[in-house]
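Participant: got a predicted model here, sequence first, then my questions.
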Amino acid sequence: MSDDLQAVNPRARLFRTILSVYGIGIYIFLFAPIGVLILLSFNSSTVVGFPMAGFTTDWYARLSHDTVILNALEKSLIVAFWVTVLSTVIGTMASFPLVRANIKNRGGVRVFITLPIMMPGLLIGVAILVLATNVLHIQPSLETAIIGQTVLATPFVILVVSSRLEALDRNLERAAADLGASAPQRILFVVLPLIYPGIIAGALIALTLSLDEFVVTNFIIGADQTLPIYIYNQLKFGITPEVNALATLMLLGTLAVAGVTLGALRLVKVLASVTTKTNRLKEPASAEV
Amino acid sequence: MTVASYARNTGGGPGESEPRRADVSDERRDWRQFVGFVPAAILFGVFFIAPLGLIVVYSFWVTKNYELVPAFTTNNYKTILTTSTYVRTFGKTVLMAFLATLTALALAFPFCYWLVRYVPKRMQRVGLLLVILPFWTSYLLRVYAWVAILGDNGAINSLLKALGLTNGPIRLFLYDNPGVFIVLVYLYFPFAALTLYASLERFDWRLLHAAVDLGATPMRALANTLLPQMRLAMVTAGIFVFIPILGEYLAPAAIGGTHGVMMGNLVANFFSGYLLPLGSAASVLIALVIFIVLIVFRRSLDTKDIYV
């Protein structure tokens, strides 16, 4: 597509080179901090900085013995589990009326739903804190953190699932209804199997959001610590190689979760296409009978 | 472009937002169609709208002997709007958010142009994924990693020293506003890039060819065909960068030191100092700026395209 423009303008080649260098520069800008972080997690000096004193994996070994970190990891996983479940269920349920109900101002409802995404986390955090302590008189705890993160994650689930639902052909459900399927049956056997990639994508966003959430959680988690809160408390005393090692592992963890989920999705897709193909092959045979 | 997205763009389509006439008679005034909203309504009502409403109410109250007392006073707002440090911080926050947004957009546009025009289609997805990838590292550490880059023992200083350009460490924007600016642009660049990419990818490049065929210089062709169509995406991207920066408090605290304090830090300090009414008033002022931005640009907010 760009080649014909090059024929028109020979300078386009130069333009292209400059842009490519620029693009790579942007990637360097994006990844330099992460690269530095990973690099310094292998630094044998306790001072986080350059030049590196030597190579070591001690910091990683130390992590596995640190009970505080393991405890924070456990809390993180508990919170992430509940946030993922709650926001996926609530978000998926809300997607149906959002796409299908007879709403006059659908755009308005949509904007309203995205408000928790737009609102700075700071405001949501202090607001929930004030509500919990001054009105509901409950101590900030893991439960309040779960609720706060669910407020943040649910809009993402709604956006992803509703877009999938919108692309769904409603005639499939009409056909199922003609064949005698009740409303719950239509949802369970027709709609959900068709929109599940959207639901899984939404759950994945909720999961990764929860594992990394700091701004809101910091205000409403009370005395408990998730991993980001633990890291923050450590950073008050300065950045340590141990924290860098932890961050590197967390990055690997999130990548693994995303990779496995995407891989599983692809596998399911492949399997599904294989089954439809074999079914299609069988069809003429069954027609003959 | 997939069939589905084409259908969505043209209005109708397989999912039909508008129900068919036959369905309408059944569905109209049927409350059951809204049942799905109930859990979300409870969640957002109790833990999003109510707390924010509470903040608005508290911003008019006063504290006496560390107790919140119901009252109706605008003194909290007056205090913030007449104390010069607060006003300056407020102004600086808005200016900082504005400049960081412009910079992020200016950096993202040529980048996305490159990605869409010169990177093979298959690689584009990888390229885009790489832009989102930093989101999967801890937000905290992405901020603090900049201390390891800009700091006295940081990557840049050691590089300069190794090259023999400096002897002692030099202060590189750290613990001041420029450092905060760099980190904010870094943090929110992906938002801008994603939105602009989505719009650029849909652009019909034949328009550009047509303009060049008709004698426009390539730059003029870009300015007259591409840019007008990008306006909407620019505004959307801008909003999605501008708004979160207004409430940012970690980056200014970690990178900015005492010079780089922003509105978010004030709010956080008010609340941790139990100055609820003042903190609430400051929060309401931030929210007010956000609402003004949203209302002014509401037509441009095509939220559907951003995350999907």
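Facilitator: Alright, I've got the coordinates.

Participant: wait, isn't B:Ile182 in contact with B:Ile149?
Facilitator: No - counting by Cβ atoms under 8 Å, B:Ile182 does not reach B:Ile149; the two are 9.3 Å apart. Backbone N, C-alpha and C define where each C-beta goes, glycine included.

Participant: quick one: neighbours of A:Phe189, just the number.
Facilitator: Using other Cβ atoms under 10 Å in any protein chain shown, A:Phe189 has 12 neighbouring residues.

Participant: not counting its neighbours along the chain, what's nearest it?
Facilitator: Closest residue to A:Phe189 apart from its sequence neighbours, by Cβ to Cβ, 6 or more residues apart in numbering or on different chains: A:Ala181 at 6.9 Å.

Participant: ditto for B:Gly279
Facilitator: B:Phe270 (3.1 Å).

Participant: which elements pack onto the host helix or strand of the one you found?
Facilitator: Element membership of B:Phe270 [criterion: DSSP states H and E] is helix B:263-272. When contacts are defined as 3 or more Cβ pairs under 8 Å, 6 or more residues apart in numbering or on different chains; DSSP states H and E, helix B:263-272 sits against helix A:121-130, helix B:84-118, helix B:276-296.

Participant: highest average neighbour count across those?
Facilitator: Of all these, helix A:121-130 has the most neighbours on average by mean count of other Cβ atoms under 10 Å in any protein chain shown, namely a mean of 26.

Participant: pLDDT averaged over that helix - what is it?
Facilitator: What helix A:121-130 shows for mean pLDDT is 92.

Participant: gap between A:Pro140 and chain B?
Facilitator: Between A:Pro140 and chain B the computed distance is 12 Å (Cβ to the nearest Cβ, to the nearest Å).

Participant: ok, B:Leu107 to B:Ala254 distance?
Facilitator: Going from B:Leu107 to B:Ala254 by Cβ to Cβ, to the nearest Å gives 22 Å.

Participant: got any ranges where chain B has weak pLDDT?
Facilitator: B:1-29, B:168-173, B:300-308 (pLDDT under 70).

Participant: quick one: the residue nearest the centre of it from B:Ala192, how far?
Facilitator: Nearest to the mean C-alpha position of chain B, counting by Cα atoms, centre = their mean, stands B:Val241 at 2.5 Å. According to Cβ to Cβ, B:Val241 and B:Ala192 sit 5 Å apart.

Participant: mutual contacts of the two, please.
Facilitator: B:Thr101, B:Ala104, B:Leu105 (Cβ atoms under 8 Å, 6 or more residues apart in numbering or on different chains).

Participant: ok, and B:Leu187, which helix or strand is that part of?
Facilitator: Judged by DSSP H and E, B:Leu187 forms part of helix B:177-202.

Participant: what of A:Leu172?
Facilitator: helix A:171-178.

Participant: do I have it right that A:Ala80 meets A:Ser210?
Facilitator: Yes - the criterion here is Cβ under 8 Å, and A:Ala80 meets it with A:Ser210 at 4.2 Å.

Participant: coming back round to it: check which helix or strand the residue nearest to the centre of chain B maps to.
Facilitator: Going by DSSP H and E, B:Val241 is part of helix B:227-246.

Participant: with B:Leu141 instead?
Facilitator: Using DSSP H and E, B:Leu141 falls within helix B:139-150.

Participant: check B:Leu68 too.
Facilitator: Using DSSP H and E, B:Leu68 falls in strand B:67-69.

Participant: how about A:Tyr230?
Facilitator: helix A:227-235.

Participant: now B:Ile149: closest residue in space, sequence neighbours ignored.
Facilitator: In space, B:Ile149 is closest to B:Ala155, 4.8 Å off (Cβ to Cβ, 6+ apart).

Participant: now the element after the helix or strand harbouring A:Ile18, going C-ward?
Facilitator: When elements are assigned from DSSP H and E, A:Ile18 belongs to helix A:12-40. Using DSSP H and E, the helix or strand that follows helix A:12-40 in sequence is helix A:58-63.
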